[in-house]
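**Q** Quick one, what's the 3D model for this:
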Amino acid sequence: MRLLPLILALPLAACTKSDDGPADTNTPDIVDEDSDGYAPSEDCDDTDPNVNPGADEIPYDGIDNDCDPETADDDLDGDGFGHAEDCDDEDPSTYPDAIEACDGVDNDCDGEIDDAVGDLWYADADGDGYGDPDVSQQDCDGEGLVADSSDCDDADATVNPGADEVCNGIDDDCDAEIDEDDAVDVSTWYADTDGDGYGDINDAVVACEAPEGYVADNTDCEDSDPEVQPQATELCDGIDNDCDGDTDEDDAADAATWYTDADADSYGDPDSSTMSCTQPSGTVANADDCDDGEPLAWTGASEACEGVDNDCDGTVDEGVTPTWYADTDADGYGDPDNPTDACTQPSGTVSNDGDCDDGEPLAWTGASEACEGVDNDCDGTVDEGVTTTFYYDGDSDGYGDTSLSTDACSAPTDYVTASGDCDDADTAYNPGATPGCDGNDYDCDGLTDNDADGDGFTDDACGGDDCDDSDASVQPDTNGLCALGTTCLDVLTGYPSSADGTYAIDPDGLGTGLDPFEVTCDMTTDGGGWTAIEYAADLAFGQQFTNGDRWQYLPNDFTFVLSDAQIAAIQALSTDGFQVYEGLCEHVIHYYYTSSNSYAYAFGFMFFDGTETPYGVASYAPYNITVTQDGCATNGGEGGDPALSTLFEIDSVLVPVLNVQSRDAGDVRNPGEWFGSTLTDYPAWLR
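**A** Okay, here's the model as predicted:
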């Protein structure tokens, strides 16, 4: 506060008349000791005239010159910092901790002008205009620095956001990606699906490095086939194997060689060839023509007699010129001593040399020898094999003596062609005579006329007992029977037309063991040859067991027409057998059935050789026994009726059945249990 205005004001105040009335004459005098015009109540230091409310504050003297505590003595700019701290106390924007500004002033009084203020600048060590984001500072002018912080490698001026990406394994354009597909030197790669090293031009990608399955070469014309690519061998297969745009060119590896066939004989000229996958017109696959202007000549052709080297061996008509032979007698056969070689037949010649006498038209090689005094067949002998043997016939009966013969073209007197007369002095003896029964050989066959087969037994035509005088093995035995075979099958074999009936057989052969005996033969059923083993009696229908002795065989075996030895002999020669056993019944379980013991009480059989079968249908299987009718299963009043019987069909060479047993046909409590069998109606058959 200035001092002068205060001093002037004081006298004015003293001279001013009060409007309130007369002056107070009792007001005490005010002492202004420093005479600065300010009363002590206003003057903060009335001893110093330089200190009063009207004085100017003198900075930094440590005195409140204007008596105003609000007037700073050392913070003239009022920025809250005194002269000791404020580096410019006249500038309120300059004080410690003020924000440094780019204005050429040390705003924050740190002794530095324009430090730590301004824009953020980045080091550009490589001088490419892009700064290192990891090396920065604030600066007012950024001298030597750059404002861009996008350099990803500040040691390499070629690496920065403005650089072109190249394929070098470096992020050249600082986009955090290396060797992207848009690199300036990126390569184009082509899919190599078939793995042959050549790619498909229609399936491409760009990249610095080849992706898996891609190659730089795009010249594969078929990328699904590794055998098709530019370095492949061209083949004749309808495919452009080497991708040159052409298919099956003439230089294909397997192209065939074709030879010109100018004469169209299907054989080619070895000196005129071309390579091609397909046959050019006018060519063939072989080079076998030695003269392509002659259609009759080629290698392998048959040489013909025509003045041409047909077979291409360098010689004409070799080996094909025929030899002709003179045929003076015109019999079609030539003289081997008079030949001529020529392609065409000369007159008066033939192609064969089979004439041994070219002056005799009846003689040539191969002719039939005739009985005419000429060597017709040219074998050097006359009339051989064509003469007739004639026999002297002394009794003129038309048959000659075999010991008196001659060969001639015609019969001499008293000679005939028939021989075999065993008495040429008696017309009753000759091969054509009727046999007699007086022991003489009238028909000259060397045998007595009443024993034609020479077995020593007189023919039955002469009243003898030889039943087959044409077979010496068939003759009567000691019992007078004449067996025709060992069994019925043997008879049928020797006499295929034999009918069913009774025949004499001798199983152990003529003159040994058994005498021949008669049997019934079935020569028709199932091929025939069956020998009947007939029963002598039936098993009478009645109570067979009366003392509870069931489960046993009948006390007596069945009887047969033939003897046991005869049956055994027939059976020994047989391989097949058949018999039907008919079981008549009355209240007897002949073939019993219940749900609990299915067929448990069936009959048991004893065969001729003593073989016994178990009971029941299951046990019959090994013996080929089948139940074809089960009339006795009712266990009721069958009364022996055949219609209500049980039939057993037995297919076994063990037949005939010798005896039977029943498991339930002898209950003493039930005397009505009867059974029997019509054995005579059902013989056994062996073959």
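**Q** how many neighbours does S149 have?
**A** 18 (other CB atoms under 10 Å). Every residue, glycine included, has its C-beta placed from N, CA and C.
**Q** ok, the residue lying closest to D61 once chain neighbours are set aside - contacts?
**A** Counting by CB to CB, 6 or more residues apart in numbering, the nearest residue to D61 once its immediate chain neighbours are dropped is D73, at 7.2 Å. D73 sits next to E57, P59, Y60, D61, G62, I63, D64 when contact means CB atoms under 8 Å, 6 or more residues apart in numbering.
**Q** Also Q231?
**A** When contacts are counted by CB under 8 Å, 6+ apart, Q231 touches Y198, D242.
**Q** picking up where we left off before, helix/strand/coil for the residue nearest to D61?
**A** Reduced to three states with DSSP: H, G, I helix; E, B strand; the rest coil, the structure at D73 is coil.
**Q** State the distance from it to D353.
**A** For D73, the distance to D353 (CB to CB, to the nearest Å) stands at 174 Å.
**Q** now A326, nearest residue through space, not along the chain?
**A** Distance criterion CB to CB, 6+ apart; nearest residue to A326, sequence neighbours excluded, is N338 at 3.9 Å.
**Q** Hmm, the one you found is touching Y325, no?
**A** Yes. With the criterion set as CB atoms under 8 Å, N338 and Y325 qualify as a contacting pair; they are 6.2 Å apart.
**Q** okay, the two: which has more neighbours?
**A** Y325 (21 against 16).
**Q** so that one is in which element?
**A** strand 323-326 (DSSP states H and E).
**Q** tell me what the helix or strand following that strand is packed against?
**A** For strand 323-326, the following helix or strand on the C-terminal side (DSSP H and E) is strand 339-341. Applying 3 or more CB pairs under 8 Å, 6 or more residues apart in numbering; DSSP states H and E, we find strand 339-341 packed against strand 323-326.
**Q** Direction included, what does the strand it packs on pair against?
**A** Strand pairing for strand 323-326, using DSSP bridges, gives strand 339-341 (antiparallel), strand 349-350 (antiparallel).
**Q** So which bits of the longest one are buried?
**A** What it means is strand 339-341. Buried residues in strand 339-341, defined by neighbour count with 16 or more other CB atoms under 10 Å: none.
**Q** List of residues touching it?
**A** Judged by CB under 8 Å, 6+ apart, the contacts made with strand 339-341 from elsewhere in the structure are T321, P322, T323, W324, Y325, A326, P346, T349, D353.
**Q** Assign the closest residue to D288 other than its chain neighbours to helix, strand or coil.
**A** Counting by CB to CB, 6+ apart, D288 lies nearest to T299, which is 3.7 Å off, once chain neighbours are set aside. For T299, the secondary structure call by three-state DSSP comes out as coil.
**Q** doesn't D311 make contact with T299?
**A** Yes. The pair T299 / D311 is scored as a contact, 6.8 Å apart, by CB under 8 Å.
**Q** quick one: contacts for A252?
**A** With CB under 8 Å, 6+ apart as the criterion, the residues that contact A252 are T233, E234, L235, C236, N241, M275, C277.
**Q** and which of those is nearest C422?
**A** Proximity of those to C422 (CB to CB) peaks at C236, which lies at 92.5 Å.
**Q** Based on its surroundings, how many neighbours for that closest one?
**A** Applying other CB under 10 Å, we find 18 other residues in the vicinity of C236.
**Q** again, but for the one 4 residues further on
**A** The local packing of D240 (other CB under 10 Å) involves 17 other residues.
**Q** Tell me the spacing between it and E249.
**A** 9 Å.
**Q** now do F560
**A** 102 Å.
**Q** Of these two, which one has the most company?
**A** For the pair F560 and E249, the greater number of neighbours falls to F560 (20 against 17), based on other CB under 10 Å.
**Q** How about the more buried one: which residues does it bridge to?
**A** The partner residues for F560, given DSSP bridges, come to Y535.
**Q** isn't it right next to P656, touching?
**A** Yes. With contact taken as CB under 8 Å, F560 and P656 are classed as touching, separated by 7.0 Å.
**Q** Give me the common contacts of those two.
**A** I533, Y535, I567.
**Q** Would you mind listing which of those residues are buried?
**A** When the shared contacts of F560 and P656 are checked for burial by 16+ other CB under 10 Å, the buried set is I533, Y535, I567.
**Q** What sits closest to the first one if chain neighbours are left out?
**A** The one in question is I533. Of all residues beyond its chain neighbours, the one nearest I533 is A684 (4.1 Å), with distances taken as CB to CB, 6+ apart.
**Q** Check the spacing between the one you found and L404 real quick.
**A** As for A684, its distance to L404 is 65 Å (criterion: CB to CB).
**Q** Can you tell me the element the most centrally placed residue in the chain falls in?
**A** Closest residue to the average C-alpha location of the chain: D225 at 26.4 Å, with CA atoms, centre = their mean. Element membership for D225, per DSSP H and E: none, as it lies in no helix or strand.
**Q** In contact with it: list those residues for me.
**A** D225 neighbours (CB under 8 Å, 6+ apart): D194, I239.
**Q** what do you get if the cut-off is 6 Å, keeping everything else the same?
**A** Residues touching D225, when contacts are defined by CB atoms under 6 Å, 6 or more residues apart in numbering, comprise D194.
**Q** Let me know the distance separating V561 from D515.
**A** Taking CB to CB as the measure, V561 and D515 are separated by 16 Å.
**Q** For the strand holding Y325, the averaged confidence score.
**A** Model confidence over strand 323-326, given as mean pLDDT, is 93.
**Q** cool, stretch 133-141 as well?
**A** Mean per-residue pLDDT for stretch 133-141: 84.
**Q** For A569, give me the backbone phi and psi.
**A** As for A569, its main-chain torsions (degrees, to the nearest 10) stand at phi -70, psi -40.
**Q** That one touches I505, doesn't it?
**A** No. A569 lies out of contact with I505 (CB atoms under 6 Å); the separation is 9.1 Å.
**Q** So which of those two has more stuff around it?
**A** For A569 against I505, the residue with the higher neighbour count under other CB under 10 Å is I505, and the figures read 25 against 21.
**Q** and that one, backbone torsions?
**A** phi -130, psi 160.
**Q** separation between it and V519?
**A** Shown here: I505 relative to V519, a distance of 6 Å by CB to CB.
**Q** ok, back up a step: pLDDT wise, what is the residue nearest to the centre of the chain at?
**A** Note for D225: predicted pLDDT of 90.
**Q** Would you mind measuring from it to A255?
**A** Between D225 and A255 the distance is 20 Å, computed by CB to CB.
**Q** residues near the residue nearest to I533, how many?
**A** If you count neighbours by other CB under 10 Å, A684 ends up with 30.
**Q** give me every residue that touches it.
**A** When the contact criterion is CB under 6 Å, 6+ apart, the partners of A684 are I533, Q579, V655, P656.
**Q** gap between the second one and M606?
**A** So that's Q579. From Q579 over to M606 the distance is 13 Å, taken as CB to CB.
**Q** thought D423 was touching Y429?
**A** Yes. The criterion here is CB under 6 Å, and D423 meets it with Y429 at 3.8 Å.
**Q** Counting neighbours, what do you get for the residue nearest to D355 when sequence neighbours are not counted?
**A** On the basis of CB to CB, 6+ apart, the spatially nearest residue to D355 that is not a chain neighbour turns out to be Y333, at 3.8 Å. Applying the criterion other CB under 10 Å, we find 24 residues in the vicinity of Y333.
**Q** Check what pLDDT Y333 gets.
**A** In this prediction, Y333 carries a pLDDT score of 93.
**Q** next one: F558
**A** The per-residue pLDDT reported for F558 equals 97.
**Q** what's the answer for Y503, then?
**A** Model confidence at Y503, expressed as pLDDT, equals 93.
**Q** Just the element for it, please.
**A** Y503 is part of strand 501-505 when elements are defined by DSSP H and E.
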